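1. predicted model and sequence below, questions to follow.
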Amino acid sequence: MEARMKEQEIIVESLIHIEWHIDEGVDVRELSQVLHYSPQRLSRMFHKVTGIYLSKYIRLRVLMEAKRRLSTYQSLYDVAKAFRLEPETLIRSFRKEFGDSLFSFEEFSYPQPLGKDLIKKMMIASDAEV
């Protein structure tokens with residue numbers, strides 16, 4: 001049980017790091033260096049605990065944050081530049097992932113970052129063990 005809690009703590013640390021550094025082009029390799037795990041090991045742990053692959057989670061968070069920023073009337077160029085992407089790449093990636101335009105005015109539901117749900121699960125699990 002302790003090993004599982006340690007994995008969850010590592011994943012929470014990775015989620016925190018992603019949120020704090022989303023503008024800096026965080027990727028699996030950089031994150032694995034920060035947490036002192038190989039990229040493969042960290043990705044496997046992340047998938048085991050969250051059910052989503054780490055690289056996909058980072059990509060989705062970047063796209064969701066870009067959409068949110070565009071909804072606050074920031075320019076496409078400024079948003080793309082903030083994520084170190086070309087505007088065309090950002091547009092294509094969003095359409096590929098969500099099947100919709102980055103500029104659509106329809107309501108777009110932003111899932112909560114995984115961290116809140118995971119922390120809640122950890123708290124429930126630790127209460128059950130006490």
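-> Perfect, thanks for sending it. The shown structure was predicted, so the numbers you read here are calculated from the model rather than taken from an experiment.
2. which parts of stretch 86-93 are buried?
-> 90-91, 93 (16 or more other C-beta atoms under 10 Å). For the C-beta atoms, the positions are set from N, CA and C on the backbone; glycine is no exception.
3. so what does the longest helix seen in the chain touch, helix or strand wise?
-> When the chain is parsed with DSSP state H, its longest helix is helix 2-20. Contacts defined by 3 or more C-beta pairs under 8 Å, 6 or more residues apart in numbering; DSSP states H and E place helix 2-20 against helix 28-35, helix 39-50, helix 54-70, helix 114-129.
4. least reliable of the ones you listed going by mean pLDDT?
-> The weakest mean pLDDT among those belongs to helix 114-129, with a mean of 56.
5. dihedrals phi and psi, residue 53?
-> Backbone torsions of residue 53, given as degrees, to the nearest 10, read phi -70, psi 140.
6. and it, what is it in contact with?
-> 43, 46-47 (C-beta atoms under 8 Å, 6 or more residues apart in numbering).
7. can we see that at 10 Å?
-> 28, 43-44, 46-47, 59 (C-beta atoms under 10 Å, 6 or more residues apart in numbering).
8. go on, residue 77?
-> 86-87, 90.
9. try it again with 6 Å
-> residue 87 (C-beta atoms under 6 Å, 6 or more residues apart in numbering).
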